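Colleague: based on what follows, work out the 3D shape:
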Amino acid sequence: MDESDGSFERVKDGIIELSRVIPVAREELARMAEAAVQAGVKGEENILTFTETAARLAAVMPEFAGEGINSFTKLANVLGVTADQYDNLASALLKMDKESKGTAKDISDMSVRWGEAG
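Modeller: The predicted model follows:
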C-alpha cells in the first residue's frame with residue numbers, strides 16, 4: 001500500500017465506512033487492517049475484505065478482538081486463505097467455538113501450531 005497512489009486513502013475511507021455499519025471502533029478497524037498488511041495481505045480490496053471479516057468476527061465475539069484477531073490473521077496466513085475465503089474461515093471458527101469446549105481463539109491458536117508444524 002502506497003500513499004502516493006491513493007491506496008492508503010482508499011483503505012482509510014473504507015475503514016471509516018466499515019465503522020458506520022459494524023459496531024467496532026475505527027482505531028480497532030485500523031489495527032485489523034494493519035494486521036492484514038503485516039501478514040502479507042496485498043491490495044486495498046483484500047485488506048478491506050479481511051478487515052470487514054475480522055470486524056464482524058470481533059463484533060459477535062468481543063473476546064476475540066485484539067489477540068484473537070492476530071490469531072485469525074496468522075491462521076489465514078498459515079492456511080493460505082485468500083480474500084474470498086475469509087468469511088468461510090470465520091464461519092468455521094464460530095461454529096467450532098459454539099460446538100466445542102474451546103474458544104475460537106484457542107482453536108485458531110491450535111490450528112496455527114498444527115499448520116506451522118506441517
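Colleague: which stretches of the protein have low pLDDT?
Modeller: Applying pLDDT under 70 to the chain flags the ranges 1-4, 118.
Colleague: which residue is nearest the middle of it?
Modeller: Nearest to the geometric centre of the chain sits residue 54, at 3.4 Å (CA atoms, centre = their mean).
Colleague: packing partners for the helix or strand harbouring that one?
Modeller: If you go by DSSP states H and E, residue 54 is part of helix 44-60. Under the contact criterion of 3 or more CB pairs under 8 Å, 6 or more residues apart in numbering; DSSP states H and E, helix 44-60 touches helix 7-21, helix 26-38, helix 67-79, helix 86-99. Just so you know, the C-beta spots here come from the backbone N, C-alpha and C atoms, and that holds for glycine as well.
Colleague: deepest-packed of those, please.
Modeller: Mean neighbour count (mean count of other CB atoms under 10 Å) peaks for helix 67-79 among the helices and strands packed on helix 44-60, with a mean of 20.
Colleague: need the contact partners of that helix.
Modeller: Helix 67-79 is contacted from outside by 31-32, 35-36, 38-40, 50, 54, 57-58, 61, 64, 81, 86, 89-90, 93, 104-105, 108-109, 111-112, 115-116, using CB atoms under 8 Å, 6 or more residues apart in numbering.
Colleague: cool, stretch 87-98 as well?
Modeller: 53-54, 56-57, 60-61, 72, 75-76, 79, 81, 102-104, 107-108.
Colleague: and which of these is nearest residue 15?
Modeller: Proximity of the contacts of stretch 87-98 to residue 15, judged by CB to CB, is greatest for residue 54, which lies at 11.6 Å.
Colleague: mind checking how far the closest residue in space to that closest one that isn't next to it in sequence is from residue 114?
Modeller: Computed as CB to CB, 6 or more residues apart in numbering, the closest residue to residue 54 that is not its neighbour in sequence is residue 32, at 4.4 Å. Distance, residue 32 to residue 114, by CB to CB, to the nearest Å: 24 Å.
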